[in-house]
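1. predicted model follows, preceded by the sequence.
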Amino acid sequence: MFIYTYACHEDEADLCALELQLLFGEPVAGGAWLSKRNIAVDRSPFMKRRIEVLKQADSLDQLLAQLSLVELGGLTFKVLYTQGDEAVSYEEQRQLERAAGAVIRGKVEMRKPERLFGLTKLHGSWYFGLLEESSAVWLKHQNKPQNYSTALPTRAARAIVNIAAGASPEQLRLIDPCCGMGTVLIEALSMGIAIVGLDLNPLAVKGARVNLAHFGYPDLVKLGDMRLLEGMYDAAIIDMPYNLCSVLPENEQLAMLGSIKGWAKRAVIVTTEPIERQLGLAGLRITNHTTLSKASFTRYISVVE
């Protein structure tokens, strides 16, 4: 059993909710939740901590009595309290950490412990276990050598990859047929998800290759038109070029959208304006939908089959 915590800005709340629901198979709310699913804490850009539960009790005293049985094998340790579903002040958190640390047989090391433990209260029960904190690996991907001003934010790109791939992406093949400078590709590859990229713009393909190489990833990008794709992919992530749906004649829009069913089992489509009507005309069924807004700019995110 695992306990996860997350946090997001209010502008990203809807995107966060959809991503976590698809990763964990159920709606997630309240900032902390209990799940049987073993999801790496770095998968979601919104997840902060994960506790692999070792001990559980109905009261703090009962839990503390169990902690003397924790085996450390001579390793140093540190206990961090993690906010559950009840507000606990800073001073109370430190007191709880000291109480747990006092009964564990071992040496406390505050700076570089060899074991990091988490303590929390959730749904009226107390939990203790191995704690992992997110390294926010996506943050370093913001510093790409090549970029578009209209590119997806790195954190949003990571969440959208997770929406497309779900909880178990190990055997999946993904494609980004409008890959631009490779933002989505880099996030997928950093999570070990197999993906390839395509773009009509030679400058974008060149920029994506530079960015992939910068982060040590292979050249997985080709110059090409998504309407001419062959083969079948498990999922596609399509960040439609900025305002493309406004300037293309509807027959060309429908040709582009209609081609998706020929080479992808499902897709996450990102646009700068609503396209529900066009998706329906193209024979695509919307299974989930959300938005991502910043100031007056809104991205519309549709999951289709």
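-> Looks like it came in fine.
2. from here on, contacts and neighbour counts on C-alpha atoms
-> Fine.
3. give the contact list for A282.
-> L254, A255, L257, G258 (Cα atoms under 8 Å, 6 or more residues apart in numbering).
4. list buried residues within those residues.
-> With burial judged by 16 or more other Cα atoms under 10 Å, the buried subset of the contacts of A282 is L254, L257, G258.
5. which one of the residues you listed is nearest to K107?
-> K107 lies nearest to L257 out of the buried ones among the contacts of A282, by Cα to Cα, at 60.3 Å.
6. which SS class is that closest one?
-> Look at L257: counting by DSSP: H, G, I helix; E, B strand; the rest coil, its state is helix.
7. what's the nearest residue to it if we skip its chain neighbours?
-> Nearest residue to L257, sequence neighbours excluded (Cα to Cα, 6 or more residues apart in numbering): A282, at 6.0 Å.
8. and for V108?
-> V108 sits nearest to F77 (Cα to Cα, 6+ apart), 5.0 Å away.
9. residues in a beta bridge with the one you found, which ones?
-> Residues in a beta bridge with F77, per DSSP bridges, are V108, R115.
10. pull the number of nearby residues for it.
-> F77 has 21 neighbouring residues, counting by other Cα atoms under 10 Å.
11. got it, and I195?
-> 22.
12. same question for K140.
-> Here the count is done by other Cα under 10 Å, and K140 has 10 residues near it.
13. so how far is S68 from the residue nearest to L257?
-> Distance of A282 to S68, given as Cα to Cα, to the nearest Å: 63 Å.
14. for L20, same thing?
-> From L20 across to S68, the span is 35 Å (Cα to Cα).
15. of those two, which one has the most company?
-> Legend: neighbour count by other Cα under 10 Å for L20 and S68, higher for L20 (23 against 15).
16. check that one and give its pLDDT.
-> For L20, the pLDDT comes out at 96.
17. wait, doesn't it sit right on V28?
-> Yes: at 6.4 Å, L20 counts as touching V28 under the criterion of Cα atoms under 8 Å.
18. any chance you could list what contacts the strand or helix carrying F117?
-> For F117, the element it lies in under DSSP states H and E is strand 115-122. With Cα under 8 Å, 6+ apart as the test, strand 115-122 has contacts from 32-33, 51, 75-86, 97, 126-132.
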